[in-house]
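1. here is my input, please return the structure:
(4 chains)
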There are 2 protein chains.
Amino acid sequence: MTTQKTVSRGDHTRERLVLAALEVFGRAGFDAASTRAIAEVAGVNQALIGYHFGGKQGLYIGVFEHIIDQMRRRMAPAVEQVTSRLAAAPQSAEERRELALELLMGVFDTFTDMIGEQFAAGSTRLILREQRDPTEAFQLLYDNVLAGMLSVLTRLVAMATGLDETSEACRIRSVMMIGQVLVFYVARGSTTRFLNWDGVDADNIAALKQQFRLVLETQLSQGVATS
Amino acid sequence: MTTQKTVSRGDHTRERLVLAALEVFGRAGFDAASTRAIAEVAGVNQALIGYHFGGKQGLYIGVFEHIIDQMRRRMAPAVEQVTSRLAAAPQSAEERRELALELLMGVFDTFTDMIGEQFAAGSTRLILREQRDPTEAFQLLYDNVLAGMLSVLTRLVAMATGLDETSEACRIRSVMMIGQVLVFYVARGSTTRFLNWDGVDADNIAALKQQFRLVLETQLSQGVATS
DNA sequence: TTGACTAAATTGAACGATTGACTAATATTT
DNA sequence: AAATATTAGTCAATCGTTCAATTTAGTCAA
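-> Numbering: from 1, shown residues only, chains lettered A, B, ... in the order given. Next comes the predicted model:
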């Protein structure tokens, strides 16, 4: 075996660069992150960025492909659970509502778990950066991950509330629901200060899950007023 | 009238620089924004940044002082409404709950209105930037604006839910509530795409307000499970 | 197995451009 | 005249990119 499958020398370097770039880009932002700093963190020569990715912008795209990969992998179990359980949904309105509620909680538990993970720290800022002034990277992320997640979520919200899945009201509700967890990603400085947290540990995550479950139950446990 | 009150020549320059810096910092981030670009947008000489603010960092602080000023001014009516109405709160649990609900909606209506304002576009990213790696600017913002807003909000949530105002559960609920609106600030790219919006206009704001009101009513219109 | 040949990968150095800060001279206002 | 404000220009440092030279890995004939 002369060729070690896909793990050639170049692949190793590319991976090191992507991981380093995720860290440096995430901490400093695209413009402030220097290719020299990225190369140093990766432990490779600076010129290899140009060689392997064409340049700084190319590396940036490479980082997003990595993010997409990780997010799909991380969310896969929860999404799969939803699709399989939804294949044979009960017809009783009450049972359908309860099923949707249970699945929603599963999805958001996963989403909440990721708040504390290190991978999220680097990628969150990069994703946020793309929200205001979307570039090619955002198109990639939205088409390959976000759109699907929003779609699944809206389907569950529709099932739980009785709203029309295609209605704007239902979509807005879904986005708002995400916001309840997203706030702990993006407003970390304010939240940790306000809650007297030292970072976000397992206990904090558990508390968030518990409160979110209570809110979700209260929010969806009755006939929901439409538009 | 030689001296036009406080609007001397230098004040005018400082204001132009702060507004330009808000725009450029907001669009490009601190490091990527060049003092030359800021000076050009402001229509003043680059060296005046050093003269009036001591340097780039000083200008950055100046921008946050401006943001604090604007946010206080913008939120003042809603906050004042809360404090005045709360001065003579009814003793009936049911009445207190309804009052809290009404006041909450007032606060969040104001908060929702600001989503579409141009001022928010520039300041949102600057504030987000400070959330992950807080600097002196964040301390200023949190102490002068955010802490107060969170405090008032938690008080209302406590009144509406019956939770202890000082409990972590109540604080988490409050933060989650903010998240439902905040998501439309920070995830603009995803939300506008998902909702097929072209930016955020008055109609969109109205729809958001309506849905948030419905959610809030559903969420708080009954005895709320504690911890 | 060996040794020559090739393509891929890596290196260090250099390029022109841009950065924030600073200075001395000038202009404006008090 | 004195204080304040503005200007054009210079500075060293750092930026992303490029390039020729070198090393490494894989192929194939002998």
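
2. for chain A, what's the longest helix?
-> Ranked by number of residues, the top helix in chain A under DSSP state H is helix A:56-87.

3. quick check, that helix touching DNA strand D?
-> Yes: if you take Cβ under 7 Å from any atom of the strand as the test, helix A:56-87 does meet DNA strand D, through A:56-57. C-beta coordinates here come from the backbone N, C-alpha and C atoms, glycine included.

4. which elements pack onto that helix?
-> Contact partners of helix A:56-87 among helices and strands, from 3 or more Cβ pairs under 8 Å, 6 or more residues apart in numbering or on different chains; DSSP states H and E: helix A:9-28, helix A:35-42, helix A:47-53, helix A:93-113, helix A:118-132, helix A:136-141, helix A:147-161.

5. distance to chain B added to the ones you listed, as JSON lines?
-> Converted to JSON lines, these look like this (distance: least, Cβ to the nearest Cβ, whole Å):
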{"stretch": "helix A:9-28", "distance to chain B": "7"}
{"stretch": "helix A:35-42", "distance to chain B": "12"}
{"stretch": "helix A:47-53", "distance to chain B": "18"}
{"stretch": "helix A:93-113", "distance to chain B": "11"}
{"stretch": "helix A:118-132", "distance to chain B": "4"}
{"stretch": "helix A:136-141", "distance to chain B": "6"}
{"stretch": "helix A:147-161", "distance to chain B": "5"}
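
6. could you list the low-confidence segments of chain A?
-> Across chain A, the ranges flagged by pLDDT under 70 are A:1-7, A:221-227.

7. report the central residue of it.
-> residue A:71 (5.7 Å; Cα atoms, centre = their mean).

8. so that one sits right up against residue A:145, yeah?
-> Yes: with contact defined as Cβ atoms under 8 Å, residue A:71 reaches residue A:145; the gap is 5.0 Å.

9. what's the end-to-end length of stretch A:29-47?
-> 20 Å (Cα to Cα, to the nearest Å).

10. chain A against DNA strand C: which residues are in contact?
-> So chain A meets DNA strand C at A:8-10, A:12-13, A:44-48, A:51-52 (Cβ under 7 Å from any atom of the strand).

11. tell me which two in these are the farthest apart.
-> Greatest spacing in the residues of chain A next to DNA strand C, by Cβ to Cβ: A:8 and A:46 (20.9 Å).

12. show me which of these two is the more surrounded one.
-> The residue with more neighbours, out of residue A:8 and residue A:46, is residue A:46; 14 against 11, by other Cβ atoms under 10 Å in any protein chain shown.

13. please report phi then psi for the more buried one.
-> Main-chain dihedrals, residue A:46, degrees, to the nearest 10: phi -60, psi -40.

14. so how far is chain B from it?
-> To chain B, residue A:46 is 19 Å away according to Cβ to the nearest Cβ, to the nearest Å.

15. ok, now which ones touch that residue?
-> A:35-36, A:39 (Cβ atoms under 8 Å, 6 or more residues apart in numbering or on different chains).

16. apply 10 Å and report the result again.
-> A:34-40 (Cβ atoms under 10 Å, 6 or more residues apart in numbering or on different chains).

17. of those residues, grab the buried ones for PyMOL.
-> Selection of buried members from the contacts of residue A:46 for PyMOL, criterion 16 or more other Cβ atoms under 10 Å in any protein chain shown:
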select buried, chain A and resi 35+37+38+39
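
18. in JSON lines, list the helices and strands packed on helix A:56-87 along with distance to residue B:83.
-> Listed next are the helices and strands packed on helix A:56-87 as JSON lines, based on distance: least, Cβ to Cβ, whole Å:
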{"stretch": "helix A:9-28", "distance to residue B:83": "40"}
{"stretch": "helix A:35-42", "distance to residue B:83": "48"}
{"stretch": "helix A:47-53", "distance to residue B:83": "55"}
{"stretch": "helix A:93-113", "distance to residue B:83": "34"}
{"stretch": "helix A:118-132", "distance to residue B:83": "33"}
{"stretch": "helix A:136-141", "distance to residue B:83": "41"}
{"stretch": "helix A:147-161", "distance to residue B:83": "35"}
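
19. and the ones you listed: which comes nearest residue A:194?
-> Comparing the helices and strands packed on helix A:56-87 by Cβ to Cβ, helix A:93-113 comes nearest, at 17.7 Å.

20. got the buried residues for that closest one?
-> For helix A:93-113, by 16+ other Cβ under 10 Å, it's A:96-101, A:103-113.

21. residues touching residue A:181, list them.
-> Counting by Cβ under 10 Å, 6+ apart, the residues that residue A:181 touches are A:108-109, A:111-112, A:114-115, A:208-209, A:212, B:176, B:179, B:183.
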